[in-house]
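[1] Show me how the following folds:
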Amino acid sequence: MLAVLVLFKLYFLQGIMSVTSMKSTHTPDRTALHIDAQLRSDLALRQILLLELAIMEINEACLVRQHDVECLHDYRVALRRSRIVLTRIPAVFAAREVQRFAAVLSRLGKLTGPCRDMDVLLQYWPDYTLAAETGYQRVYDFIQQQCNKSRHNIIEALTSPDYVQFRNRWREFLLQQPAVTRMQNAKLPVSVLASSTLDRQLHKLVKRLKSIKPSSADRKLHKVRIISKRLRYLLDYFSFPTAASGYKNLIPELMKLQDSLGMAQDLYVQKSMIVAIEEQMLAAGLMRDDVHHAVHAIKKVINKRSIRQRKQVMKSIKRFLSSDVLAVALAGN
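    Got it, this is the predicted structure:
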């Protein structure tokens, strides 16, 4: 027990120290976190969640100081990973604690999502700027302005007393010594509990992928992407040597699938964003002829790319479902 708590505090201190250092040098390495397969599940999950908390703290400090778009992205990844570990491994923590902390993590995800979406759109901007026309620049400047406002709101939230209080309570919860617990899965070896969780997630993903058709709605693709991401993150932590070998080998195939689904989701979000931006600029009296032309041209580019990406998604799904590593993973579980 003492050794585990010392490890917890080392991760926490590493996160705090790195806030005043260079992010790239001191960010904890997830791949260096090796969970003992026989460790009781509540201790294992606390260990993982403390690591993700340290990564959150480093990136929120980086975002506040530098307004770095990658810091926001990495912060959101740590948020998402925390929610998955907290909510997808059942009956390890009390339901009221899971609901309380998961609700805040969810709100933080929603708060930071629009800014991240605009960051991604601006990163794609060279692909959409078809000519050196003032209209494109006007649209770009408007998006950048909205993005800056959104980032300012995020920074205000991350430096607020409420957020600091949440973070302190979250850390206190994770550092508790769980000597006594009524939760039925808390004392199970984490490899046993993780194996059943991974099995459920894998079969759920395969079932959903088989239901996808070329005409499936974008929101259905997004749900499949969420399931694949959830499985991938869990595999990152729980691919024990004692588990079926197919689990570990499945990660590269999942990453390829996620990349394809992720590009499709980015384009879907960007289509919606351009429509919203057009409406906002019109309401603000900024819809000149050159702006209208630029918005129309951007929509056409995104639509064409969406059609091509949808075809690529179907190929990626077919490749994943027919892969040998998936067959091994399913056979072993």
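
[2] Helices of the stretch 1-150 of the chain, residue ranges please.
    Counting by DSSP state H, counting those that start in this stretch, one finds helices in the stretch 1-150 of the chain at the ranges 2-19, 23-26, 41-66, 69-88, 95-128, 134-158.

[3] what's the angle between the last one and helix 95-128?
    This means helix 134-158. Relative orientation of helix 134-158 and helix 95-128, computed by axes from the mean of the first three to the mean of the last three C-alpha atoms, to 10 degrees: 160 degrees.

[4] list the helices and strands helix 134-158 packs on?
    Helix 134-158 makes packing contacts with helix 41-66, helix 95-128, helix 245-283, helix 289-321 when contacts are defined by 3 or more C-beta pairs under 8 Å, 6 or more residues apart in numbering; DSSP states H and E. Any C-beta I mention is one placed from the backbone N, CA and C, and that applies to glycine too.

[5] Pick the most deeply packed of the ones you listed.
    When you average the neighbours per residue for each of the helices and strands packed on helix 134-158 (mean count of other C-beta atoms under 10 Å), helix 41-66 leads with a mean of 23.

[6] start to end distance for stretch 84-95?
    From its first residue to its last, stretch 84-95 covers 14 Å (C-alpha to C-alpha, to the nearest Å).

[7] what residues does that stretch touch?
    Residues outside stretch 84-95 that contact it (C-beta atoms under 8 Å, 6 or more residues apart in numbering) are 41-42, 45, 48-49, 52, 98, 101-102, 105, 183-186, 193-194, 197, 201, 230, 233-234, 237.

[8] how does it look with 6 Å?
    For stretch 84-95, the surrounding residues in contact (C-beta atoms under 6 Å, 6 or more residues apart in numbering) are 41-42, 45, 48-49, 98, 102, 183-186, 197, 230, 233.

[9] Would you pull up how far stretch 300-315 lies from the middle of the chain?
    Taking C-alpha atoms, centre = their mean, to the nearest Å, one finds the center of stretch 300-315 at 23 Å from the center of the full chain.

[10] With stretch 222-237 instead?
    Relative to the chain's own centre, stretch 222-237 is displaced by 9 Å; criterion: C-alpha atoms, centre = their mean.

[11] Stretch 249-259 now?
    15 Å.

[12] Equivalent analysis for stretch 69-86, please.
    Centroid separation between stretch 69-86 and its chain, computed with C-alpha atoms, centre = their mean, is 5 Å.

[13] Widest-spaced pair of the contacts of stretch 84-95?
    Considering C-beta to C-beta, no two members of those lie farther apart than Q184 and Y233, which are separated by 23.8 Å.

[14] Would you mind telling me which of the two has the busier surroundings?
    The neighbour comparison of Q184 against Y233 (other C-beta atoms under 10 Å) goes to Y233, with 22 against 10.
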